[in-house]
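In: Requesting a structural model of the entry that follows:
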Amino acid sequence: MRKMWFGIGLIALLIGMSLGAVSAWRGQPEPNPYAQLGAVQEAPMLNGTLTDYYADLSQEEIDGLLYMVEEEKLARDVYLTLYEQWGLPVFSNIAKSEQTHMDSVLGLIEKYNLTAPDTLDQVGVFTNPELQELYNQLVEMGSQSEVDALNVGALIEETDIKDLEDWMVQTDNEDIKQVYSNLMAGSENHLRAFVSQLEGMGVDYMAQVLPQEQVDEILVSTPGHRMMGHGSMNAMNGQSAQPGFWDSVENAFRHAWGWMNRFAHGLGMPL
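Out: Below is the predicted model:
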């Protein structure tokens, strides 16, 4: 009986969270201008920022840019490889987004006259030996099953968020902070997409790098809250559907349910 009332309470909470998200959606004045059909689209990360801004870079800032362009490449390359193996549209679509991320960091590398790695156009080849080894490990992990592949995707996005947080505290350059903030928003959207796919397979996702509380907050937050214009979650997953009211309802319900399921699981009372 206690479990039944607990379940009823959670369902009521789910409905309330979903209605709240719907109300928030109704408060939006117009569709995001960067949301397009059939792919993961993002607002320009550099062109619309501090075009005339320039500041000397520290060695930490230089190291961060050169590392992040290859880390975004790692994500792109792993997703391209796993898409070839499993054919899941989410990997193909997010790989395109990771190319945009690479281009954004590369724009800063070129702006500050740094020398970019010469292997950016070679899938699976890295100048950083640690990233090379990590790429090999991730592809092997993701080759075990579709669930393992999606977990690898989520692992990459959590790692990106953690690394971006670390690099951001080492810079006072406004260019870099804005691009890194946008990259982080993109990684949060990608994490939501991978977890959504896993939940659709009946898998409860548990944090792999970040604190569980931070991951839960990301999963229930509004996509694109850092000025990153993404398409709907359906477009993220390879479906051609116009983002709109019912997409918002569906996504809000899905994420709220995932959060409650994880919460109930932690109490030993899975839904």
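
In: thought Leu150 was touching Ser196?
Out: No: under the criterion of C-beta atoms under 8 Å, Leu150 makes no contact with Ser196, lying 9.6 Å away. Glycine gets a C-beta too; all of them are placed from N, C-alpha and C.

In: So for those two, which residue has more residues nearby?
Out: A count of neighbours by other C-beta atoms under 10 Å puts Leu150 above the other of Leu150 and Ser196, at 26 against 21.

In: mind saving the C-alpha coords of the helix or strand harbouring that one as PDB?
Out: Element membership for Leu150, per DSSP states H and E: helix 146-168. Written as PDB, here are the backbone C-alpha positions of helix 146-168 (Å, rounded to 0.1, in the frame of the first residue of the first chain):
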ATOM      1  CA  GLU A 146      23.700  -0.700 -29.100                       C
ATOM      2  CA  VAL A 147      23.200   0.000 -25.400                       C
ATOM      3  CA  ASP A 148      27.000   0.000 -24.900                       C
ATOM      4  CA  ALA A 149      27.300   2.400 -27.900                       C
ATOM      5  CA  LEU A 150      24.800   4.800 -26.500                       C
ATOM      6  CA  ASN A 151      26.400   4.600 -23.100                       C
ATOM      7  CA  VAL A 152      29.700   5.500 -24.800                       C
ATOM      8  CA  GLY A 153      28.000   8.500 -26.300                       C
ATOM      9  CA  ALA A 154      26.800   9.700 -22.900                       C
ATOM     10  CA  LEU A 155      30.200   9.000 -21.400                       C
ATOM     11  CA  ILE A 156      31.800  11.300 -24.000                       C
ATOM     12  CA  GLU A 157      29.400  14.100 -23.400                       C
ATOM     13  CA  GLU A 158      29.800  13.900 -19.600                       C
ATOM     14  CA  THR A 159      33.600  14.000 -20.100                       C
ATOM     15  CA  ASP A 160      33.300  17.000 -22.500                       C
ATOM     16  CA  ILE A 161      31.300  18.900 -19.900                       C
ATOM     17  CA  LYS A 162      33.800  18.100 -17.100                       C
ATOM     18  CA  ASP A 163      36.800  19.100 -19.300                       C
ATOM     19  CA  LEU A 164      35.100  22.300 -20.400                       C
ATOM     20  CA  GLU A 165      34.400  23.200 -16.800                       C
ATOM     21  CA  ASP A 166      38.100  22.700 -16.000                       C
ATOM     22  CA  TRP A 167      39.300  24.700 -19.000                       C
ATOM     23  CA  MET A 168      36.900  27.600 -18.300                       C
END
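
In: who does the following helix or strand past that helix touch, helix- and strand-wise?
Out: Beyond helix 146-168 on the C-terminal side, the first helix or strand identified by DSSP H and E is helix 174-200. Judged by 3 or more C-beta pairs under 8 Å, 6 or more residues apart in numbering; DSSP states H and E, helix 174-200 is in contact with helix 59-86, helix 89-111, helix 146-168, helix 212-220, helix 233-236, helix 245-266.
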